[in-house]
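Q: Quick one: sequence plus predicted model below, questions after.
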Amino acid sequence: MKKAKCLFLFLIFSFNSFASLDSLIKKINSFESSLSIPDLKKKPLQEAYSFPQITGTSFERQEEKYRNFLSELESIKDKSLTEGEQIDKQVLQLKLFDALAYYQYQMYRIPFGAEGGFYNYAIYMIQRFEIKTLEDGNRYLNWLKHYCTYLEDYKEFLKKGMDKKILAPKVIVNNTIFLIGQYCDSDPLKNPFYAPFEGMSDFLSDKEIKHLSSVSMNLFQETVIPQYRELKRFMEIDYLPKAYDEPGIFKVPNGIEYYENRVKHYTTLPLTANQIYQTGLEEVKRIKARMIELINSSGYAGSFEEFIEYLRSHPRFYARSPQELLHYAAWLSKKAEGELPKYFNRLPSLPFTVEEVPASIAATYTSGRYSHGSWKGKRPGSYLVNTYKLDSRPLYTMPALTLHEAVPGHHLQNQLIAESDNVSDLRRNYYISAFGEGWGLYSEFMGEEMGMYSDEYELFGRLTYEMWRACRLVVDTGIHLKGWSREKALEFLKSNTALSVHEVNTEIDRYIGWPGQALSYKIGEMKIKDLRKKAEMEMGEAFDIREFHFQILKNGSIPLPILENVIDNYIQENK
């Protein structure tokens, strides 16, 4: 009887601890939902129009809220949690530390990077919003009015905060001005926010279409376009002259301390920026030696620099139309899918498609990216391919890009976890770059085993992509810690890879506007490769590549130290 009572009390205690962790995650999700641009489909209406406050006081309140969340998390004892819940606790701790760094170093005063910011993130939301009823149209128009007020609030917030010297460098501000300019055209039909109205003729009556067309034209001409023009004027006249001439987060108050924080966050390892820099130099040297070997074995008679120029300039390496590039990406995707059963014992059921990067963001966007799909949302995953400036999108890098963004990269990785019953929503939805991007780069490496590189040029493209990630370790730390100029970083990346000059420029700008994130790819890939080598050596004939990959992916997005523990346990249990 006494044993039964103890067991009962233990179960009650365990349940309460789990409930505490679960309820805390729900509270954090609810709070963060209130901080984001409201979803157009939310009901009741007041929620769809409830945009977050943009004031210094509101950000201080948000910081205090996160500190309370962290205190609540730390009060939950590990011994009361299951193994999976303990992983959740560590992931949630990483997430809260990241949020607190954002507030501690006041990074909310730089709400934009090279690819976009507060002024265009809503575009991703409206791409899938359809106006099928008059109510949908009116809802969108009212939402757009509130959105314009939100833009005005952000402009005023930036204006008041410039004296704190927490500013973006000029190169990022100029990119921002360029992107804002796409919303300033006097023709409303060319405005990216007009897109939802383009399909309404399939659902509405002529009378309803006439009404919404009239009201929307007035709103764009009187509110939306003037608001963006005023924002552009502010960035050009007020903000740009005060922005830093040279890049590097070290220039802002406490910038070096913030960058070291970013190094640890994006690698999930106790590394310093200088350690990352040295690792990058070593990897660049190693990869370049292999690239030179490949050039020599190919029969090319020129130097490394001449070979790079040949790849950048010869028409044979470039698509002649967007459709050709998209078709090649789609063919490569199917080729990769055909190899998956050899390397994975579990595969996701949701398909993915190949789409163009939207024109409104393509000029400063990366060559490709993955966008999540959903069975519930009735949409496939999307492998986004950038068709802007075709002469900067070489075909020889497409196999590596496809492996990274589609399969066995981000689509397989994300969707496998989305369809798993053994992974918490926290680990499904929170993206840890060192794990996710490390897996993406490891997928490019796997392409050699999979037979995805059909000639020496595509294999060189694979190596140039790996070199690109190794160079990131050098240029990111160079820019944000060592005071490198943009030109020095450009030259380093340009001279060591076969990336197009346009890609080199957009990539360097991305690193300038997003300190530390570029470090995650190579550090994550190196850890996964090290763990595989360890498993192969210790397990011998018992090593199964399909089961190893399952062990890597089965827990969802996790920090690298936890991943190492998972693989160590797997080795001990099976060798």
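A: Received it, and whenever you're ready, just let me know what you need.
Q: avg pLDDT for stretch 85-96?
A: Stretch 85-96 shows a mean pLDDT of 97 in the predicted model.
Q: Let me fix that, I meant to ask about stretch 416-425.
A: Averaging pLDDT along stretch 416-425 gives 94.
Q: Also stretch 448-455?
A: The model assigns stretch 448-455 a mean pLDDT of 97.
Q: Dump it to CSV, restricted to CA.
A: Provided in CSV are the C-alpha atoms of stretch 448-455 (Å, rounded to 0.1, in the frame of the first residue of the first chain):
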residue,chain,number,x,y,z
GLU,A,448,28.8,12.6,-54.1
GLU,A,449,27.8,9.2,-52.6
MET,A,450,24.4,9.5,-54.3
GLY,A,451,25.9,10.1,-57.8
MET,A,452,24.3,13.5,-58.1
TYR,A,453,27.3,15.3,-59.6
SER,A,454,27.4,14.2,-63.3
ASP,A,455,30.7,15.8,-64.3
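Q: if we look at it, which residues are touching it?
A: With contacts defined as C-beta atoms under 8 Å, 6 or more residues apart in numbering, stretch 448-455 is touched by 332, 335-336, 339, 342-343, 399, 403, 447, 458-459, 461-462. Every residue, glycine included, has its C-beta placed from N, CA and C.
Q: Was I right to think G483 contacts I249?
A: No. In this structure, G483 is not within contact of I249 by C-beta atoms under 8 Å, at 11.1 Å.
Q: more crowded one of the two?
A: When G483 and I249 are compared for neighbours, I249 comes out ahead with 26 against 13, by other C-beta atoms under 10 Å.
Q: Can you tell me which of the contacts of stretch 448-455 lies closest to Y102?
A: L403 (32.3 Å; C-beta to C-beta).
Q: The closest one: neighbour count?
A: The number of residues packed near L403 is 31, by other C-beta under 10 Å.
Q: Now do the contacts for it.
A: For L403, the contacting residues are A336, G409, S443, E444, M446, G447, M450, M452, by C-beta under 8 Å, 6+ apart.
Q: what's the helix or strand for the first one?
A: Assignment of secondary structure by DSSP states H and E places A336 within helix 322-339.
Q: Check the fifth one too.
A: Secondary structure here is read from DSSP H and E; on that basis M446 sits in helix 433-450.
Q: I'd like the distance from the following helix or strand past that helix to the chain centre, please.
A: Sequence order places helix 456-480 as the next helix or strand after helix 433-450, per DSSP H and E. In this view, helix 456-480 has its centroid 18 Å away from the chain centroid, taken as C-alpha atoms, centre = their mean, to the nearest Å.
Q: Run through the neighbouring helices and strands of whichever helix or strand comes after helix 456-480.
A: Moving toward the C-terminus from helix 456-480, the next helix or strand (DSSP H and E) is helix 486-496. Helices and strands in packing contact with helix 486-496 are listed as helix 456-480, helix 501-513; criterion 3 or more C-beta pairs under 8 Å, 6 or more residues apart in numbering; DSSP states H and E.
Q: Which secondary structure element of the chain has the lowest mean pLDDT?
A: When the helices and strands of the chain are scored by mean pLDDT, DSSP states H and E, helix 45-48 comes last with a mean of 64.
Q: Extract the residue ranges of the stretch 351-500 of the chain that are flagged as low pLDDT.
A: Within the stretch 351-500 of the chain, no range satisfies pLDDT under 70.
Q: can you check the stretch 1-150 of the chain too?
A: Across the stretch 1-150 of the chain (using pLDDT under 70), the flagged ranges come out as 1-19, 42-47.
Q: Also the stretch 151-300 of the chain?
A: For the stretch 151-300 of the chain (pLDDT under 70), the answer is none.
Q: Compute the number of surrounding residues for the residue lying closest to E536 once chain neighbours are set aside.
A: In this structure, E536 finds its nearest non-sequential neighbour in F543, 5.0 Å apart by C-beta to C-beta, 6 or more residues apart in numbering. F543: 16 surrounding residues under other C-beta under 10 Å.
Q: quick one: F543 from F435, how far?
A: 22 Å (C-beta to C-beta, to the nearest Å).
Q: what are the ranges of the strands in this structure?
A: 352-356, 368-371, 381-385 (DSSP state E).
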